[in-house]
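Peer 1: Let me see the structure of the following:
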Amino acid sequence: MNYRHAFHAGNFADCMKHALLVLLIRRLAAKDKPFRVLDTHAGIGAYDLSGSEAERTGEWRRGVGRLLGLTEGPLADWLALVRNAGFPPRYPGSPSLVRMMLRPNDRLVLCELHEEDHATLRTLFRGDPQTAVHKRDAWEALTGLTPFAEKRGLVLVDPPFEVEGEFERMAEGLALVAHRFRAGVQAHWYPIKHRAPVRVFHTALAESGVRDILACELWLREPTDPQRLNGCGLVVVNPPWRFEEEARAILEALLEHLGEGEPGQGCSVTRIAEE
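Peer 2: Got it, this is the predicted structure:
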């Protein structure tokens, strides 16, 4: 409840999460049938990178700011949406990106528990018949708002990891949604500070009985400092056709442009559970 993403919007972790998110939505939209997206930690939807919070950290300058000139390659689709949303200085968060890609019969459901951020989010999507905004606990929403009436779609889970036990809650939530909504695609973002918590998380997923799980990871340095965000990952359940190879190309492009040659930097797409 104390986390404010405005300080970090557009950083390398956002670049990774949002580029992969756009790929997932494109794959869902490749079929004619409507879909729904549930974003459990929606934030305020879009961010002003000229504001005091973003300027104080300058993280976006080492993230999306380095990618502005790219118009071709694996990152081009996402970056075109970013520019169309008004960047710079406006940077679209996950809700804005998804909304830009919805077709008339698709739906977006957003949850945000922070009082001020929820109010901002409601204002952003006021009057939008395709978007519903809830002031609701994210983990409770996984039960209350799934499965989807459309029988297809994406559940995006992106907690701030400001309290203990987030990896455990994420593993439990992933298994819950897989049981309630077997056909649903899931994407769960997590930080990589050091490897031990991530290994435990991946082991829990592998032993959960849930099938067809990929882990996409990007790290800018060897993840040995538990006080620093050294990288991040996105676990994807039921990845769409060709997602694995396309995700790998996105991660490699991000590493090429955002990596600074620090020891141990890298990226990977690994399978935690087979189909």
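Peer 1: Now do the lowest-mean-pLDDT helix or strand in the chain: which elements does it pack against?
Peer 2: Every helix and strand in the chain was compared by mean pLDDT, DSSP states H and E; the lowest is helix 52-57, with a mean of 84. Contact partners of helix 52-57 among helices and strands, from 3 or more Cβ pairs under 8 Å, 6 or more residues apart in numbering; DSSP states H and E: none. Where C-beta positions appear, they are placed from N, C-alpha and C, glycine not excepted.
Peer 1: Okay, strands next: where are they in this protein?
Peer 2: Using DSSP state E, the strands of the chain run over 36-39, 46-48, 90-92, 107-111, 131-134, 153-157, 185-192, 213-219, 231-237, 266-273.
Peer 1: among those strands, which is nearest residue 63?
Peer 2: Across the strands of the chain, residue 63 has its closest neighbour in strand 90-92 (9.4 Å, Cβ to Cβ).
Peer 1: strand partners of the closest one, parallel vs antiparallel please.
Peer 2: Paired strands of strand 90-92, with direction, are strand 46-48 (antiparallel) (DSSP bridges).
Peer 1: buried sites along the partner strand?
Peer 2: If you call a residue buried by 16 or more other Cβ atoms under 10 Å, then strand 46-48 has these buried ones: 46, 47, 48.
Peer 1: and what of stretch 213-230?
Peer 2: For stretch 213-230, burial by neighbour count (16+ other Cβ under 10 Å) applies to 213, 214, 215, 216, 217, 218, 219, 220, 221, 223, 229, 230.
Peer 1: Which two of these have the greatest separation?
Peer 2: Taking Cβ to Cβ, no two of those sit farther apart than 213 and 221, at 25.8 Å.
Peer 1: for the closest residue to residue 19 other than its chain neighbours, what are its contacts?
Peer 2: The shortest distance from residue 19 to any residue other than its chain neighbours is 4.4 Å, reached at residue 78 (Cβ to Cβ, 6 or more residues apart in numbering). Taking Cβ atoms under 8 Å, 6 or more residues apart in numbering, we find residue 78 in contact with 18, 19, 22, 23, 97.
Peer 1: So for residue 78, what pLDDT did the model give?
Peer 2: Looking at residue 78, its pLDDT reads 98.
Peer 1: what do you get for residue 189?
Peer 2: Residue 189 is given a pLDDT of 98.
Peer 1: can you give me the helices for the stretch 151-275 of the chain?
Peer 2: Along the stretch 151-275 of the chain, the segments classed as helices by DSSP state H, counting those that start in this stretch run 166-180, 195-206, 243-258.
Peer 1: Run through who's touching stretch 158-176.
Peer 2: 1-3, 5, 17, 39-41, 94, 138-139, 142-143, 157, 186, 188-191, 197-198, 200-201, 204-205, 208-210, 235, 237.
Peer 1: for stretch 255-262, that is, sorry about that
Peer 2: Stretch 255-262 is contacted by residues 12, 15, 62-63, 66-67, 70, 75, 218, 220-222, 265-267 when judged by Cβ under 8 Å, 6+ apart.
Peer 1: Check the separation of the first and last residues in it.
Peer 2: Length of stretch 255-262, first residue to last, Cα to Cα, to the nearest Å: 11 Å.
Peer 1: Pretty sure residue 8 sits against residue 57.
Peer 2: Yes. Counting by Cβ atoms under 8 Å, residue 8 touches residue 57, with 6.7 Å between them.
Peer 1: Appreciated, that's everything.
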